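Asker: here is my input; please provide its structure:
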Amino acid sequence: MCCGCSKGTRSGVLLFLLITLNAASIGVSAVAFFFKATHTFQIFQLGMGLGGLLFSLILAFVVRKKTAVALVVEILLYAIVAAFDIAGAILTTERWKESDLEKDYRNAPNTQIVCLLAVIFFWVAAFAAVIGFIHATVESCTRSVRKAKNRRAKTHRTTNEEPAYDPGSDRRY
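Answerer: Numbering: from 1, shown residues only. Predicted coordinates:
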């Protein structure tokens, strides 16, 4: 339990955000093609959105598992989604800054709006992925600590129990 919500609720909200925002960034890239913005940039932006969406969908299936291996895979997938979204956000932010300086005033306002939307979508998705990464890492650590404590307690109970009283032994109790 963290922040008053269960892991299922938190994971569900994060996955919903990641999938929705990455899909929205793909949609924004498609709109940019309609406005005939810089195509090379749009291909990179589309790739970052598709990568983030693909790994978010894979993550949706991994989160359901409760094993330690699934938790490690979940951490790695959150890191990959965060990398895609941060890269997309950085590329889109740079493009948004450049669109302000474009000489083609006919497409510049449209390019700025599309880039601004993409910047918002990518940064929020990156933030959600980083939060998911942190939560999964903390959960993994707490699970490891809990297992170690249980193992120690189990060992302590079995090895340090007082032996039954044996009247014939020389041991003093």
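Asker: quick one: low-confidence parts of the chain?
Answerer: Low-confidence segments of the chain, defined by pLDDT under 70: 1-10, 32-42, 99-111, 155-173.
Asker: mind listing the helices in it by residue range?
Answerer: Using DSSP state H, the helices found in the chain span residues 7-34, 39-62, 68-99, 108-159.
Asker: can you add mean neighbour count and give those back as TSV?
Answerer: In this view, the C-beta of every residue, glycine as well, is placed from N, C-alpha and C. Formatted as TSV, those follow (neighbours: other CB atoms under 10 Å):
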stretch	mean neighbour count
helix 7-34	18
helix 39-62	19
helix 68-99	19
helix 108-159	16
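Asker: got the contact list for residue 74?
Answerer: 59, 62-63, 136 (CB atoms under 8 Å, 6 or more residues apart in numbering).
Asker: out of the residues you listed, who's nearest residue 19?
Answerer: When the contacts of residue 74 are compared for distance to residue 19 (CB to CB), residue 59 comes out closest, at 8.9 Å.
Asker: shouldn't residue 89 be in contact with residue 116?
Answerer: No. Judged on CB atoms under 8 Å, residue 89 makes no contact with residue 116 at a distance of 12.0 Å.
Asker: show me what contacts residue 145?
Answerer: Neighbouring residues of residue 145 by CB under 8 Å, 6+ apart: there are none.
Asker: tell me the spacing between it and residue 76.
Answerer: To residue 76, residue 145 is 21 Å away according to CB to CB, to the nearest Å.
Asker: what of residue 62?
Answerer: 9 Å.
Asker: ok, residue 60 next?
Answerer: Look at residue 60 and residue 76: by CB to CB, they are 15 Å apart.
Asker: residue 69 now?
Answerer: In this view, residue 69 and residue 76 are 11 Å apart by CB to CB.
Asker: now residue 26. Nearest residue, chain neighbours left out?
Answerer: residue 49 (4.1 Å; CB to CB, 6 or more residues apart in numbering).
Asker: was I right about the one you found contacting residue 22?
Answerer: Yes. Counting by CB under 8 Å, residue 49 touches residue 22, with 5.3 Å between them.
Asker: all good on my end, thank you.
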